[in-house]
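Novice: What follows is a protein structure lacking sequence information:
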């Protein structure tokens, strides 16, 4: 049916589908722009995989992240049209969030307070930045925050990304400042009275004044996440506070504060210490994916080597206890758990889900304790499974996880 429509009617019909799927105005606007250009590129020609690739080749000199976004827009359209581009892949670059030093935040606050005019807004602007740093709110969420959303010791984010509400606790000091600032405001009155673009420009201007070129509105959200993980917050709590739909999105911040990497580098110094010094005990649990024919790494897994199960391995030099393995869907829904009392050094434990895993994204989290330490440790693995040609079988796609 779709192939019988001319391009004008075809793209108009698809636009109706877009409106129902994309609730973010910017995403909808950007997608419409790319599709309009694709339609002009096609002219009277029917859409095809080759023409789609030819169109996307025009953006080969763009940044990898931009090319990835454009390719995803076209791929979704072509799948809807009935000609999926299964042989065309553009990998999304895995870039780390900006890391901001505490000293830079101090410079930013100093620049805000050093105003020569409009000194009456110093309190507002200082509180705006502090709130972003201690709640991780997006700029649009800061702009939409109303006085009625502020409660005794928490605030409510209304219609955040993907139209989802969430609650965020407030520190006592920040709660006191907020309540003092909104005193006398109507419940439906915006806390800061600034539009999202104005917040972006303000923070950019303050950063420039402070001589900081790596700070922008969203960077304050990154700072919030990395600080939480640095102080020991678990990744699931950080996911909720940030309002991430997929746990894999939050896990990007783990790379910035991975203490295990620092411990590994510190071994260079440790090896220079006196011989005979007692070696510190370490508990390191890894999670691997196992196929029917080959074992990790996933680069060895090809479509005819079907996914079998997960393997939990103690790679440290001391036993671990109270081990709990949790399997989550890409949407963070609990699928299955498995508990082990003790996992010895170099011991491996198979985690074989009792449910038949379908095509989609999954995350496996393993929490455990060392024998002589009450602190919890955590390992995780995110994978994407794809249906195989053989019914009831799936295989792993390496490097295909989408971070939204």
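Specialist: Received it, and whenever you're ready, just let me know what you need. Here the structure is a predicted model, which means the values were calculated and not measured.

Novice: and this structure, what are its domains?
Specialist: In terms of domains, the chain is parsed into 2-81, 102-254, 279-396 (source: automatic domain parsing).

Novice: Now mean neighbour count too, for these, in TSV please.
Specialist: C-betas here are computed from N, CA, C, even on glycine. Listed next are the domains of the chain as TSV, based on neighbours: other CB atoms under 10 Å:
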stretch	mean neighbour count
domain 2-81	15
domain 102-254	17
domain 279-396	16
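
Novice: Distance to residue 90 added to these, as a markdown table?
Specialist: Supplementary listing: the domains of the chain in a markdown table, determined by distance: least, CB to CB, whole Å:
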| stretch | distance to residue 90 |
| --- | --- |
| domain 2-81 | 4 |
| domain 102-254 | 18 |
| domain 279-396 | 15 |
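
Novice: now residue 331, what's its secondary structure?
Specialist: When states are read from DSSP: H, G, I helix; E, B strand; the rest coil, the local structure at residue 331 comes out as coil.

Novice: need the contact list for residue 362.
Specialist: Listed by CB atoms under 8 Å, 6 or more residues apart in numbering, the contact partners of residue 362 are 327, 328, 329, 330, 335, 382, 383, 384, 385.

Novice: coming back round to it: including mean pLDDT, could the domains of the chain go into CSV?
Specialist: Written out in CSV, the entries for those read as follows (pLDDT from 0 to 100):
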stretch, mean pLDDT
domain 2-81, 90
domain 102-254, 89
domain 279-396, 77
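
Novice: which stretches of this protein form strands?
Specialist: If DSSP state E is used as the criterion, the strands of the chain fall at 154-157, 166-169, 285-291, 307-314, 320-329, 334-343, 348-351, 360-370, 376-387, 394-396.

Novice: Format those strands as CSV; extra columns: distance to residue 61.
Specialist: Putting the strands of the chain into CSV (distance: least, CB to CB, whole Å) gives the following:
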stretch, distance to residue 61
strand 154-157, 38
strand 166-169, 39
strand 285-291, 36
strand 307-314, 37
strand 320-329, 38
strand 334-343, 42
strand 348-351, 45
strand 360-370, 31
strand 376-387, 29
strand 394-396, 32
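
Novice: wait, which of those is closest to residue 1?
Specialist: Smallest distance to residue 1 across the strands of the chain (CB to CB): 25.3 Å, for strand 376-387.

Novice: on contacts alone, who are the packing partners of the closest one?
Specialist: Helices and strands in packing contact with strand 376-387 are listed as helix 247-251, strand 285-291, strand 360-370, strand 394-396; criterion 3 or more CB pairs under 8 Å, 6 or more residues apart in numbering; DSSP states H and E.

Novice: Please state the offset of the third one from the chain centre?
Specialist: Right, strand 360-370. 16 Å (CA atoms, centre = their mean, to the nearest Å).

Novice: same deal with the shortest one?
Specialist: Relative to the mean C-alpha coordinate of its chain, strand 394-396 is positioned 23 Å out (CA atoms, centre = their mean).

Novice: contacting residues for residue 60?
Specialist: Here residue 60 is in contact with residue 67 (criterion: CB under 8 Å, 6+ apart).

Novice: Please tell me how far it sits from residue 308.
Specialist: Computed with CB to CB, to the nearest Å, the distance linking residue 60 and residue 308 is 38 Å.

Novice: swap in residue 49?
Specialist: From residue 49 across to residue 308, the span is 33 Å (CB to CB).

Novice: hang on, the earlier thing: for residue 69, which of the helices and strands packed on strand 376-387 is the nearest?
Specialist: Within the helices and strands packed on strand 376-387, the stretch nearest residue 69 is helix 247-251; the backing value is 15.4 Å (CB to CB).

Novice: Good, wrapping up.
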